[in-house]
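Q: Got a sequence here, can you build the structure:
(chains A and B)
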Amino acid sequence: MNLLRRYKRASLSCICFIFLSVHCIAQDTSLHNYFSLQGGMNMLKRQDLIFSPFIHNDISFLNTEIRYGHERRLRQDIVISFSSFQSSITGAYDYYSDGDTLTQFPHAFNLIDINYSLSKKIMEKERLTLYAGGSFANNIDVMNYYYGFASYFGYFATFSLSGMAQVTYKINENSKIHAGVSVPLVSQVARSPYLINDDEFIQNNYSHNGVKTFFAYLADGNMETLNHFQKLTAEITYSTQLSERWEAGVQYSFDFSHYSPVASFTSVENKINILIKYNF
Amino acid sequence: MITCIITSCEKVFFEPEPADDPEALFESFWASFNENYGPFEERNMNWQEQYDLYRPVISATTMEDELYEVFTSLLAPLNDGHTNLFAPGKETFNANIYFEYKIDDALFNLAVIKNSYLQNIFETGTDDSYYYGMIGDIIYIHFPYVYDNFHIINTAIDDHSSAKGMIIDLRHNMGGDFTWAYSEMGRLTSEKRLVFSSKTKNGPAADAFTEWFDWYIEPAGSLYNKKVVVLTDRYTISAGERATMAFEVLPTATLIGDTTNGAHSTMVGGELANGWTYTFPTQKVISYDGNSYEGIGIAPDIVVKNSTEELLSGTDAVLDKAIEQF
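A: Down below sits the predicted model:
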């Protein structure tokens, strides 16, 4: 049998296998997966004493989140979120330099979260289901602080192993409330140096390669526990079934972070999101 | 209940903010420098004396314009090009006399170089990041700042391998990121050379600094050992001076022009409760010879200054002296 015929037979076998697999999966009516898209308002209150003694506040609608979840024996959730803020003490203003009009810009904060959690059902009672487990929570804050014509890049990044608990309460056949809380137990914390930059920070930038520089920043961080780094993430979601697969809902989430060594860092986020969820 | 818990936590964890009245503004501004300014010693500044001199003139009723004048008077004796003050509707204040009063600012004129020396044949980098051309068989490059524009040095070497050498013009170079310059100068040295050492404030105490950190240029690529002439003036500042320091350690380089500004540290920023912002240096820097030239500048090997009359006639005496070296 020549090669071309063998290739055709193998290709046809693969196609049949895939078709049958999908068909078999489709026969399973349990919806073990979900995908959700969320967006809304995020209120930030933040103080980083490396850059400023002041608390910077902003309310941003540039706030979005995507989630994927899977549950069979264990429940897995992946969350990726992004929020962007601008804040200044008195607002932007103009000043002058050699005949030019320049602007004192507000500081910019971009917050990225990438979390993976794994939990197990530990109690199921009528309408109430309780999960417990752990998560790998990654938070990267990228900042730009502006002082006149000088601007400075800053970062605050945490990579945490957290304990977490979730509870789901079925209000009725169509509606439920889901709540969760997580607390990091051990974290790798990396942030800008005291007084924004030093020789080690400049050396980290020497490669002029974004990826190498990023990992050089992380390597300069410290492993911290609850005595130096405190964080609490909590959320509560109300959702209602629109159809067999589609849900819609509203979610409130709260995130508090505090890091105390040297110049302290404190951040509080309050988010209110609407969400659309697809179960499959 | 949740709101109460959250609010209580916030009060515990957020630090108190400085107040917005004139006296609090003066106190926080003076303290910021007192705790974080690096080269007081090198600039012969007794900062406590400045406090004693100006604090008495500030009261709860001091008006904004008067407060601004006091702040500029407080900073002026530092004579530091890295110290700036920005306020709404105000001209930027720079504590260095050259930048603030534009002394000798007109003694560098790029138009004269373009017209009279480059014959209007030159390449300009993106956003005027460099001016590159030939003066006879000598490479000429002017850098208005220090960033990735320094790659043009290696391009020029490759494009004009038969040139007698190059003139690197760092006059009126406003600084930037010296690491780009150092990473592009590998072909100009055959060995690892110490350029300078620096240490950074890492606490509020007067003697709270990191350890000394040594900065080198290291060989990379095929050696270019032809003559390099570097031009500087009083407006060569910050990373422009760190680039000058790197050229200074090369055996093939000659520095011509005027002494540089003398601001060798890195610069950071701060903000006040009334929205004013400011910059200041946080380091001590010593040259490869173990001496600090902060507040002094890097003196050229050959001192030459332009005159207004010569420039008007299309002559750049500093550049003429550089050309004579080849």
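
Q: Could I get the full set of helices for chain A?
A: All helices of chain A, identified by DSSP state H, fall at A:3-27, A:199-204, A:210-219.

Q: Just the pLDDT at the closest residue to residue A:61 other than its chain neighbours, thanks.
A: Of all residues not flanking residue A:61 in the chain, residue A:41 sits nearest, at 5.7 Å (CB to CB, 6 or more residues apart in numbering or on different chains). For every residue, glycine as well, the C-beta is placed using N, CA and C. Model confidence at residue A:41, given as pLDDT, is 96.

Q: what does residue B:119 give?
A: In this prediction, residue B:119 has a pLDDT value of 85.

Q: Quick check: the closest residue to residue A:187 other than its chain neighbours vs residue A:103, distance?
A: Excluding the flanking residues, the one nearest residue A:187 by CB to CB, 6+ apart is residue A:160, at 4.0 Å. Distance, residue A:160 to residue A:103, using CB to CB, to the nearest Å: 38 Å.

Q: and what of residue B:12?
A: The spacing between residue B:12 and residue A:103, counted by CB to CB, is 36 Å.

Q: higher neighbour count, the two?
A: Using other CB atoms under 10 Å in any protein chain shown as the criterion, residue B:12 and residue A:103 rank with residue A:103 on top: 12 against 9.

Q: List the contacts of the more buried one.
A: Listed by CB atoms under 8 Å, 6 or more residues apart in numbering or on different chains, the contact partners of residue A:103 are A:92-95.

Q: for the chain, what spans make up the strands?
A: Picked chain A for this. For chain A, strands defined by DSSP state E occupy the ranges A:33-48, A:56-60, A:63-71, A:74-87, A:93-97, A:100-104, A:107-125, A:128-147, A:150-170, A:175-191, A:222-225, A:229-241, A:246-259, A:265-279.

Q: actually it's chain B I care about, not the one you picked
A: Going by DSSP E, chain B shows strands at B:84-86, B:93-94, B:123-124, B:131-135, B:138-142, B:165-169, B:193-200, B:213-217, B:227-232, B:253-257, B:267-271, B:277-281, B:283-287, B:302-303.

Q: for the record, mean pLDDT for the third one?
A: So the one you mean is strand B:123-124. 92.

Q: Can you give me the neighbour number for residue B:228?
A: By the measure other CB under 10 Å, the count of residues near residue B:228 is 22.

Q: Which residues does it form beta bridges with?
A: Assessed by DSSP bridges, residue B:228 has beta-bridge partners residue B:166, residue B:253.

Q: That one reaches residue B:253, doesn't it?
A: Yes: the pair residue B:228 / residue B:253 is scored as a contact, 4.5 Å apart, by CB atoms under 8 Å.

Q: joint contacts of those two?
A: Residues touching both residue B:228 and residue B:253 (CB under 8 Å, 6+ apart): B:188, B:247.

Q: Of all residues in chain A, which one is closest to chain B?
A: residue A:147 (2.6 Å; CB to the nearest CB).

Q: Output the below-cut-off pLDDT ranges for the chain.
A: This is for chain A. A:1-29 (pLDDT under 70).

Q: not quite, I wanted chain B
A: Within chain B, the segments meeting pLDDT under 70 span B:1-10.

Q: Show me the helices in it, by range?
A: B:2-13, B:22-36, B:47-54, B:64-75, B:97-101, B:110-112, B:152-159, B:178-184, B:239-248, B:308-312, B:317-324.

Q: just those: most buried one?
A: helix B:239-248 (a mean of 26; mean count of other CB atoms under 10 Å in any protein chain shown).

Q: Generate a markdown table for the helices of chain B, with distance to residue A:99 as supplementary columns.
A: Listed next are those as a markdown table, based on distance: least, CB to CB, whole Å:
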| stretch | distance to residue A:99 |
| --- | --- |
| helix B:2-13 | 44 |
| helix B:22-36 | 27 |
| helix B:47-54 | 30 |
| helix B:64-75 | 19 |
| helix B:97-101 | 14 |
| helix B:110-112 | 17 |
| helix B:152-159 | 29 |
| helix B:178-184 | 28 |
| helix B:239-248 | 22 |
| helix B:308-312 | 20 |
| helix B:317-324 | 26 |
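
Q: how far away is residue A:255 from residue A:113?
A: For residue A:255, the distance to residue A:113 equals 8 Å [CB to CB].

Q: got the residues of the stretch 101-250 of chain A near chain B?
A: A:102, A:104, A:145-150, A:152, A:193-200, A:202-203, A:205-206, A:208 (CB under 8 Å from any CB of the partner chain).

Q: Repeat the analysis, applying 7 Å as the threshold.
A: A:104, A:145, A:147-148, A:150, A:152, A:194-199, A:202, A:205-206, A:208 (CB under 7 Å from any CB of the partner chain).

Q: Quick check: closest non-adjacent residue to the residue in chain B that chain A sits nearest to.
A: Using CB to the nearest CB, the single residue of chain B nearest to chain A is residue B:269, 2.6 Å away. Residue nearest to residue B:269 in three dimensions, not counting chain neighbours: residue A:147, with 2.6 Å by CB to CB, 6+ apart.

Q: Next, count neighbours for that neighbour.
A: Neighbour tally, residue A:147, other CB under 10 Å: 25.

Q: Enumerate every residue touching the spatially most central residue of chain A.
A: Centroid-nearest residue in chain A: residue A:113, 2.0 Å away (criterion: CA atoms, centre = their mean). Neighbouring residues of residue A:113 by CB atoms under 7 Å, 6 or more residues apart in numbering or on different chains: A:79, A:81, A:138-139.

Q: let's see 6 Å
A: A:81, A:139 (CB atoms under 6 Å, 6 or more residues apart in numbering or on different chains).
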